[in-house]
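> The following comprises the amino acid sequence and a computationally predicted model.
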Amino acid sequence: MTQKPLALITGGAQGIGYACAEALKEDGFDVILADIKADGVATAGEKLGAVAAVACDMGEVAEVEALFDRIAKDHGPLTALVNNAGVAMPGDFLEYDLETWERVIAINLRGVFLATQKAGRMMVENQIEGAIVNMSSINAQVAIPAIPAYCASKGGVMQLTKVASLALAKHNIRVNAVGPGSIDTEMMAGVNANPEAFKVAMSRTPLGRAGSAREIGDVVAFLCSKKASYITGETIYVDGGRLGLNYTC
């Protein structure tokens, strides 16, 4: 019996991460979920039928290393990695403290680098022509002053994606990113609950609605599939047309 391809999804307990795992499982992958929320990831893993559900803080180097050691020992090499774990942690720019800045960067950028490096090594050592997908954001391109560390981290993810794609191309390992716009997840709950804020968000979204987590998951699954076999180093923005909008009001 042929072993199924194996995918790790970080931040997989809910929202976009869970939707990515769901889409990959439907495409024939065995999936491993990792998330900082121990109870949440256990519940999600059971619901999805994941081969493993692991509590892991992607901002802590030792925990990321332990995660990959466990995968190698218990499940074998990855075929795909989805670096989805991330935090925003908004605050006033002039009052933004260094501890908060470093926490966001640790999870959103350092954790992505470390996981990409470890997955890349695993794929190279096992001669796997794998795929890595990083979760970027439209905020890699457009800024919001209340989330300075988030914007900086996602800009970093965009460049890290390009760097890793070049470094791993000779091994036929593809590295891409997805940049969501306004997606109906827990991170957008505050906007959804405020009719005026939601109206503003939709005014800069030409399709006039929030996207769904599954719409992001389907793009991630495509990038992990053979259908995307000639795509690497790219960020695909799934934003309802927002980045193409130019307005002066």
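Right, received. Where do you want to start? Numbers count the residues shown, from 1 in each chain.

> Any chance you could give me stretch 147-154 in CSV, C-alpha atoms only?
The C-alpha coordinates for stretch 147-154 follow below in CSV (Å, rounded to 0.1, in the frame of the first residue of the first chain):
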residue,chain,number,x,y,z
ILE,A,147,-0.5,46.5,13.7
PRO,A,148,3.1,47.5,13.1
ALA,A,149,4.7,44.2,14.0
TYR,A,150,2.2,42.2,12.0
CYS,A,151,2.8,44.3,8.9
ALA,A,152,6.5,44.0,9.3
SER,A,153,6.4,40.2,9.9
LYS,A,154,4.2,39.6,6.8
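
> Phi and psi next, for the residue nearest the centre of the chain.
Most central in the chain under Cα atoms, centre = their mean is residue 84, positioned 2.2 Å from the mean C-alpha point. Torsion angles at residue 84 (phi, psi; degrees, to the nearest 10) stand at phi -110, psi -20.

> Low-confidence stretches in this protein?
For the chain, applying pLDDT under 70 flags the ranges 1-2, 187-189, 247-249.

> what about the helices in this structure?
Taking DSSP state H as the criterion, the chain contains helices spanning 15-26, 38-48, 61-74, 98-105, 111-125, 148-168, 189-192, 195-203, 213-223.

> can I get these in TSV with distance to residue 183 and mean neighbour count?
No exception for glycine: its C-beta is placed from N, CA and C like everyone else's. Formatted as TSV, the helices of the chain follow (distance: least, Cβ to Cβ, whole Å; neighbours: other Cβ atoms under 10 Å):
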stretch	distance to residue 183	mean neighbour count
helix 15-26	7	24
helix 38-48	18	16
helix 61-74	25	15
helix 98-105	19	15
helix 111-125	19	20
helix 148-168	14	20
helix 189-192	11	14
helix 195-203	11	13
helix 213-223	6	22
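
> Dump these to CSV, plus distance to residue 32.
As requested, the helices of the chain are arranged in CSV below (distance: least, Cβ to Cβ, whole Å):
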stretch, distance to residue 32
helix 15-26, 9
helix 38-48, 8
helix 61-74, 6
helix 98-105, 24
helix 111-125, 11
helix 148-168, 20
helix 189-192, 27
helix 195-203, 33
helix 213-223, 15
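
> Indicate which one of these is closest to residue 139.
helix 148-168 (4.6 Å; Cβ to Cβ).

> I'd like to know which elements that closest one is packed against.
helix 98-105, helix 111-125, strand 131-135, strand 174-180 (3 or more Cβ pairs under 8 Å, 6 or more residues apart in numbering; DSSP states H and E).

> Okay, angle between it and helix 98-105 too, please.
Following axes from the mean of the first three to the mean of the last three Cα atoms, to 10 degrees, one obtains 40 degrees for the angle between helix 148-168 and helix 98-105.
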